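Novice: compute the structure for the input listed below.
(chains A and B)
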Protein chains: 2
Amino acid sequence: MNKILRVDTRTGNIRFVKPTEEEMHEGGRSFIANHLMREVDPGCDPLGRKNHLIIATGLLGDTNLTTAGRLSIGGKSPLTGGVKESNVGGLVGRRMGRMGIKAVILEDVPESSKCYVLVVKNDSAVLVEKPELKWMEASPTIKVLKEEYGEKVGVLCIGPAGEYKLGAAVVATTDHTGLQLRTAGRGGLGAVMGAKGVKAVVFDDAGAKPDTLADPEAFKAAVREVAAIIKADPKTDNRHEFGTPAVLGTCNAIGILPTRNFSSGSFELADEINGDKVAELIVSRGGEGKRGLPCVMGCMIQCSNIFPDPEGKAHVASLQYENIALLGSNCGIGDIDEIAILNDLANEVGIDAIDGGAAVGIAMEAGLLEFGDSEGAKDLLRQVGQGTPFGRIIGSGAVATGKVLGITRIPATKGQAMPAYDPRSLKGIGVTYAMSPMGADHTAGNTLETVKYLDPRGTEGQVAISYRLQVRGALLDSFGVCLFLRPAFVKDPELAARLLNARYGWTLTYRDVQKMFIDCLNVEREFNEKAGIDSNKCDIPEFMREEPLPPFNTVFDVSKAEMDAIWDVKIQEDIF
Amino acid sequence: MNKILRVDTRTGNIRFVKPTEEEMHEGGRSFIANHLMREVDPGCDPLGRKNHLIIATGLLGDTNLTTAGRLSIGGKSPLTGGVKESNVGGLVGRRMGRMGIKAVILEDVPESSKCYVLVVKNDSAVLVEKPELKWMEASPTIKVLKEEYGEKVGVLCIGPAGEYKLGAAVVATTDHTGLQLRTAGRGGLGAVMGAKGVKAVVFDDAGAKPDTLADPEAFKAAVREVAAIIKADPKTDNRHEFGTPAVLGTCNAIGILPTRNFSSGSFELADEINGDKVAELIVSRGGEGKRGLPCVMGCMIQCSNIFPDPEGKAHVASLQYENIALLGSNCGIGDIDEIAILNDLANEVGIDAIDGGAAVGIAMEAGLLEFGDSEGAKDLLRQVGQGTPFGRIIGSGAVATGKVLGITRIPATKGQAMPAYDPRSLKGIGVTYAMSPMGADHTAGNTLETVKYLDPRGTEGQVAISYRLQVRGALLDSFGVCLFLRPAFVKDPELAARLLNARYGWTLTYRDVQKMFIDCLNVEREFNEKAGIDSNKCDIPEFMREEPLPPFNTVFDVSKAEMDAIWDVKIQEDIF
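Specialist: Numbering: from 1, shown residues only, chains lettered A, B, ... in the order given. Sure thing, here's the model as predicted:
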């Protein structure tokens, strides 16, 4: 990981530079946070000349550790106005890792509207104008580029939503088979890419010679230990068989499944859209349907799927819990095929299914279409791709949609829609939504895993657990690994240090590693503060503090004062 | 002024309460600021249950001081997210003053959508449901209510934009003749009124006995002195003859006339839309056209007009400079009749011509219609009233429009569009836009009057003069008088104290009065801080610091650090 690629999208200047010693200790999310603080004016316009789009591999992104290769995309977010890291699987992380590219940084914006493709090879990179790709959806874009540059390349691209610079626009990519369309969904980074006139980035690692490990034996031992713990964890089998949709039933039962714009925490049609149903249909329909697929090569959990239509043709891949909830129950839609079509549409036009689903739910609450109207919802998502006024509203995400439509029940914090966990009955995640520098983001610190030992509807202990999980999330997102790797580090926190030490020849303890990511959060908080995101803005929306959520009639009642003190909570140093 | 009317729009509870001693010392803008701080959670949703809509008369609103009777409408702004006072002429201020009503406060929101009219009489008030007024434009609404409650009543109402709760929605009213439609335009207070389900407020002062003055002779003397100074001021005659459009020529000459979404400070068709042209057409067309009209009874300046169409039928009244600029040159439209039609449309659907004009200019920059396309602009304003998606975008104001359409050149601060003075060549008003608790608001501290002795394109002294004018603006808006009364107080600051003392029996010096309004600004700033408007958000948009403005190729270059120190500037105590 000895190269950073810097691309000036205005002048066309492209150069590889060597990372500094400081940068060598950063990866993925922590690279993004520190790079923004070093080089990007926190007050800048996210779509303007001063913002950077950062594509960064994790610290362990070039290793064979299971799940390694997940990619971080970041910049100042047009949605939150603050720091943003959005994490995605697929092939690109590995391709970058093999080429030793720690990060690609897109700077400035072109003087006039452009449709560039950035082609990155082992020791060269070039910006190519490809106006024929303009307004193209994600899959065809990737297809065209693979035809030109080879089936083995990794591709990142934006859909029309990114070109329209919509606040909920994503950066899309595929796995190594090309069958899954995956997105770095949160925070509108597709709009930042669109502002830079870059439709796609192609990574071709032919001829690359990956770095060697500082201590291959020690690394192999640590990797083996991680694998053994993950294999023994009972969640692994469940994830492999049912994927993330497995939690839908749990969320419905504990009353946190977003339903009809967060007006209920349980959905009467939950059984029609849960993990069992998804798995059952994949098996019974057969055809192109598959489950137990990896999103990054070498993942042993393999929780992804290809969801087939009744004829066995691929509907969407991968169909994930959060998308089912936001596009489904949250819109009053209980038909999993309709949800799959909606998810596919969101992916293709290039908007976040979470913020997009929340936006459609708000439009339904505003009476512009009925809850449950899947045809209307499809029409709205198609309009996003067509750039109609209504489409642009939806594509701008939940907060913009609520504002324009005069709706006060907007399930969002810091400008970003809440994912599929209503915080009124899972209070710890509410603390994360309110306080995380990322805004409402389940991957920033999801307390769903704590419900076995902490009452999710009680306020006790939620602030402390949120902080601990936020640090852990920063670590995993900086390592370039999946959040599902956490059981390994929970069981043996020192593994985190052993992996880094064996990869880089460092001599860190787990305490050092933990401090690295407490520091990462602090840098992110500092960037947000300088960006003008006041701590008074760090709260759960008013309606969730007032309106009881069925079926348990909870409100969000962790006090603002207790949340404000989160950063003073003492984290135990020896637990993950 | 011994009554405050409190109306709970949820329970229907209505009661008159006596102002406290503290409240007796507040009026108009200062009443709004202090009331918000006392009773409204700064973090609340502007369209939610906790916000108040405040209709407040000025401290001298019930006197015969020339221009007195202007009205303040306020609350937490859906546009800026902070404190807001929007000032309007017309009949209501006087009606309230005669009834001794210091303020009407609308609280909470109804459980379901309502279309109430609040009817305020001398000693009673009642909420009446009038669903037949729903979605009605402003003029017909007022007409219907005058037919029912009498020609002499004062009426405030919202158009459909307020009912849709759009961010740029206004509160409209008329003068005593009913010919002028005037709006409390800035900050989206019409949306707050809409959220409260109140379509209109009728003020019938029959039987009212106005307060007596504490010292009628002293008051009469002070009033006479004010009148003499205003009469002698050369600007008065000019204002009477040409109205506010008189400054268009000046603004064009010094290069601050917003043109094609603030991309130039001068407009090639300025002569077609300036004050001379407006006056000439009023005279030559005759018919219903008139100039030299008062907006409040008893005003001696009388700068308003009724602008006639070529057949002499009233087009719009009153046609003002800011509206001509934002709907005209800023949209590349140089036909004064088309501009008048646009202004009338904005008034009737009930959106701010400034924020609405800026929004249309942004839509033009985004390529959704061409600069100069007045038919397209009319269509957009009509769509605001119809509640189409595009209409709702425009009606949500410039910032929402820019965000949804992916435009970075948004001429706004704190969420509110800049009025008709580009700050790159009038730097003092830029300081006001950036630092005023009101956001971009020319009435908060317009330095156009200083260009004779302070280089408007230089940075020297602009921060200090902005602060001084901001204090002055707070004073005038709290007195319930017009900004054009300032020459009287500039000439003799003690007049301000003498008027208050004679009205209320107080013993203030001018220094005391000045301190009252420094305090008012401080309360407003504190409210904004608690609302989460960080000082980092107090700046001029990025593009104005980077993109030179023709014809003088200026950028805005007052440093952020110098602006941040504004509240530490020592204001001379003996000047107004």
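Novice: what residue in the stretch 351-500 of chain A comes nearest to chain B?
Specialist: A:Gly406 (3.0 Å; Cβ to the nearest Cβ). (Each C-beta comes from the backbone N, C-alpha and C, glycine too.)
Novice: can you confirm that residue is in a strand?
Specialist: No. A:Gly406 is assigned coil when assessed by DSSP: H, G, I helix; E, B strand; the rest coil, not a strand.
Novice: report how many residues lie close to it.
Specialist: 24 (other Cβ atoms under 10 Å in any protein chain shown).
Novice: got phi/psi on it?
Specialist: Backbone torsions of A:Gly406, given as degrees, to the nearest 10, read phi 70, psi 30.
Novice: residues touching it, list them.
Specialist: A:Gly406 sits next to A:366, B:47, B:164-166, B:191, B:194-195, B:392 when contact means Cβ atoms under 8 Å, 6 or more residues apart in numbering or on different chains.
Novice: between those residues, which has the most around it?
Specialist: Highest neighbour count within the contacts of A:Gly406: B:Leu166, with 37 neighbours (other Cβ under 10 Å).
Novice: name the nearest residue to it, ignoring sequence neighbours.
Specialist: B:Gly395 (3.5 Å; Cβ to Cβ, 6 or more residues apart in numbering or on different chains).
Novice: isn't that neighbour right up against B:Val384?
Specialist: Yes. The pair B:Gly395 and B:Val384 qualifies as a contact (Cβ atoms under 8 Å) at a distance of 4.2 Å.
Novice: show only the entries of the contacts of A:Gly406 found in helices.
Specialist: Assigned to helices by DSSP state H, the following of those qualify: B:191, B:194-195, B:392.
Novice: same drill for B:Gly395 and B:Val384, tell me which one is more crowded.
Specialist: B:Gly395 (39 against 30).
Novice: overlap in contacts, B:Gly395 and B:Val384.
Specialist: Common contact partners of B:Gly395 and B:Val384 (Cβ under 8 Å, 6+ apart): B:161, B:166, B:349, B:351, B:356.
Novice: out of the residues you listed, which are buried?
Specialist: B:161, B:166, B:349, B:351, B:356 (16 or more other Cβ atoms under 10 Å in any protein chain shown).
Novice: can you list these in JSON lines and add secondary structure and pLDDT?
Specialist: Formatted as JSON lines, these follow (DSSP: H, G, I helix; E, B strand; the rest coil; pLDDT from 0 to 100):
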{"residue": "B:Ala161", "secondary structure": "helix", "pLDDT": "98"}
{"residue": "B:Leu166", "secondary structure": "coil", "pLDDT": "98"}
{"residue": "B:Val349", "secondary structure": "helix", "pLDDT": "98"}
{"residue": "B:Ile351", "secondary structure": "strand", "pLDDT": "98"}
{"residue": "B:Gly356", "secondary structure": "helix", "pLDDT": "98"}
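Novice: will you turn those into TSV that also has distance to A:Pro437?
Specialist: Below are these laid out as TSV (distance: Cβ to Cβ, whole Å):
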residue	distance to A:Pro437
B:Ala161	36
B:Leu166	31
B:Val349	40
B:Ile351	36
B:Gly356	35
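Novice: nearest to A:Ser113 among those?
Specialist: Among those, B:Gly356 lies closest to A:Ser113 (Cβ to Cβ), at 26.6 Å.
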